[in-house]
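Engineer: The following comprises the amino acid sequence and a computationally predicted model.
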Amino acid sequence: MQIDQLFEFVYILIDKKQSTASEMAKRFGVSTRTIYRWIDALSVSGIPVYSLKGRGGGIAISKTYALDKRILSEEERLAIVSSVKALNSLAGNPAGTVNANIKAAEKISALVASDTDWLEVDFSPWSPEGSEIQMLFGTLRDCILKKRQVSFDYYSADGNIEHRFVHPWKLIYKGQAWYLQGWCTIRQAERFFKLSRMRNVSMTGRSATITKQAVLGTNSSSNKNNDYQPSLLSIKAKVYNTKISYLLDTFICSEVKQNKDGSITACFKAPDEDWLLDLLLGFGPDLQIISPKHLRNKLISLAENIIKEYK
């Protein structure tokens, strides 16, 4: 007899109010005799589960019974509710259906004494295309949970468009963007795909058989956190007041120092990737890289090339 099975057994009765021994036996893959043994064990433990004979009978639990709140601490229940609510904006449920995340949060909220409305996280974009992000997230989630390969057209950093087939492993939110981690059948390697660059995404009928554990190894301690970890640059920059708010919105600054000329010196870390140059260049003359020198030189070279194009 598994504790988690008994817990699920009790929760089903609380939710449905009544069931039959045959329905429960089929659900748990056991005999009806085992179900009746569970009822006896629960009754001895003080949980008011009982059987009703005759037509319309079955197994029931007292209407006034509720799960003991001590199963989870107050902090644990709040953590669960907050986590579920955080994903509501990307639930990806079809139109007209009830969001399963919302239902789950409501059920757990009933066991929480504290205010559960203190947090709201919305990962969807401000643009009207937010529903497309929900559909994409929902499709990828289903591919992962149902262990099916996913196919899509992908716009790579070099500007090429390629059709990919991927064994999906995980959805990752990193650096203000969503990524799909999985095994790419084209590259025959682990890859990360930015969701914003994916088009024509669909679940295939092929099983996703290549798992993360099989590729990275289950016993390697070096692979425990083998998620997307680009190399970081330690950057020191001089920025003027008109753009300091944008810098703070974009990067976590470890140091912000006010200068006598009205400018601000800020220190922060950023991924050493091509898109960083475009982002920094967007600050225009209001931001000047002090170090590292190679990043400063790259920006100067990029700015000179832009001037040549306009000439």
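Structural biologist: Perfect, I can see it now.

Engineer: Tyr155 reaches Asn200, doesn't it?
Structural biologist: No: with contact defined as C-beta atoms under 8 Å, Tyr155 does not count as touching Asn200 (11.4 Å). All C-beta atoms are positioned from the backbone trio N, CA, C, and that covers glycine.

Engineer: Those two: which is more packed in?
Structural biologist: The neighbour comparison of Tyr155 against Asn200 (other C-beta atoms under 10 Å) goes to Tyr155, with 15 against 9.

Engineer: check contacts around the more buried one.
Structural biologist: By C-beta atoms under 8 Å, 6 or more residues apart in numbering, the contact list for Tyr155 reads Ile161, Arg197, Arg199.

Engineer: among these, who's most crowded?
Structural biologist: For these, counting by other C-beta under 10 Å, the largest number of neighbours falls to Arg197: 15 neighbours.

Engineer: Which phi and psi values does the residue nearest to it when sequence neighbours are not counted adopt?
Structural biologist: Spatial nearest neighbour of Arg197, excluding adjacent residues (C-beta to C-beta, 6 or more residues apart in numbering): Tyr155 at 4.3 Å. Tyr155 has phi and psi values of phi -90, psi 100 when expressed as degrees, to the nearest 10.

Engineer: Where do the helices of this structure begin and end?
Structural biologist: Secondary structure of the chain by DSSP state H: the helices cover 3-16, 21-28, 32-44, 74-86, 100-109, 130-145, 212-216, 241-250, 274-281, 293-310.

Engineer: Reformat those as CSV; add distance to Leu232.
Structural biologist: CSV is the format used below for the helices of the chain (distance: least, C-beta to C-beta, whole Å):
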stretch, distance to Leu232
helix 3-16, 41
helix 21-28, 50
helix 32-44, 54
helix 74-86, 26
helix 100-109, 33
helix 130-145, 27
helix 212-216, 22
helix 241-250, 14
helix 274-281, 10
helix 293-310, 12
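
Engineer: Out of those, which is closest to Ala177?
Structural biologist: Proximity to Ala177 (C-beta to C-beta) singles out helix 274-281 among these, at 10.1 Å.

Engineer: least trustworthy helix or strand in this structure by mean pLDDT?
Structural biologist: In the chain, the helix or strand scored least confidently by mean pLDDT, DSSP states H and E is helix 100-109, which has a mean of 59.

Engineer: Including mean neighbour count and distance to Gln258, could the helices of the chain go into a markdown table?
Structural biologist: Shown next, in a markdown table, are the helices of the chain (neighbours: other C-beta atoms under 10 Å; distance: least, C-beta to C-beta, whole Å):
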| stretch | mean neighbour count | distance to Gln258 |
| --- | --- | --- |
| helix 3-16 | 14 | 57 |
| helix 21-28 | 16 | 65 |
| helix 32-44 | 15 | 66 |
| helix 74-86 | 16 | 35 |
| helix 100-109 | 16 | 44 |
| helix 130-145 | 17 | 38 |
| helix 212-216 | 14 | 46 |
| helix 241-250 | 14 | 9 |
| helix 274-281 | 14 | 21 |
| helix 293-310 | 12 | 22 |
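
Engineer: Of the ones you listed, which is nearest Val256?
Structural biologist: Relative to Val256, the nearest member of the helices of the chain by C-beta to C-beta is helix 241-250, separated by 7.7 Å.

Engineer: Just the C-alphas of that closest one, formatted as PDB.
Structural biologist: Extracted in PDB, the C-alpha atoms of helix 241-250 (Å, rounded to 0.1, in the frame of the first residue of the first chain):
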ATOM      1  CA  ASN A 241      21.100  60.000 -16.600                       C
ATOM      2  CA  THR A 242      18.700  59.900 -19.500                       C
ATOM      3  CA  LYS A 243      19.500  56.200 -20.100                       C
ATOM      4  CA  ILE A 244      20.400  54.900 -16.700                       C
ATOM      5  CA  SER A 245      16.900  53.600 -16.200                       C
ATOM      6  CA  TYR A 246      17.100  51.500 -19.400                       C
ATOM      7  CA  LEU A 247      20.400  50.100 -18.300                       C
ATOM      8  CA  LEU A 248      19.000  49.000 -15.000                       C
ATOM      9  CA  ASP A 249      16.000  47.500 -16.700                       C
ATOM     10  CA  THR A 250      18.300  45.400 -18.900                       C
END
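
Engineer: list the contacts for Phe283?
Structural biologist: Residues near Phe283 by C-beta under 8 Å, 6+ apart: Val239, Lys243, Tyr246, Leu247.

Engineer: can you list the domains in the protein?
Structural biologist: Here the domain parsing of the chain from automatic domain parsing is 3-61, 69-109, 146-223, 232-310.
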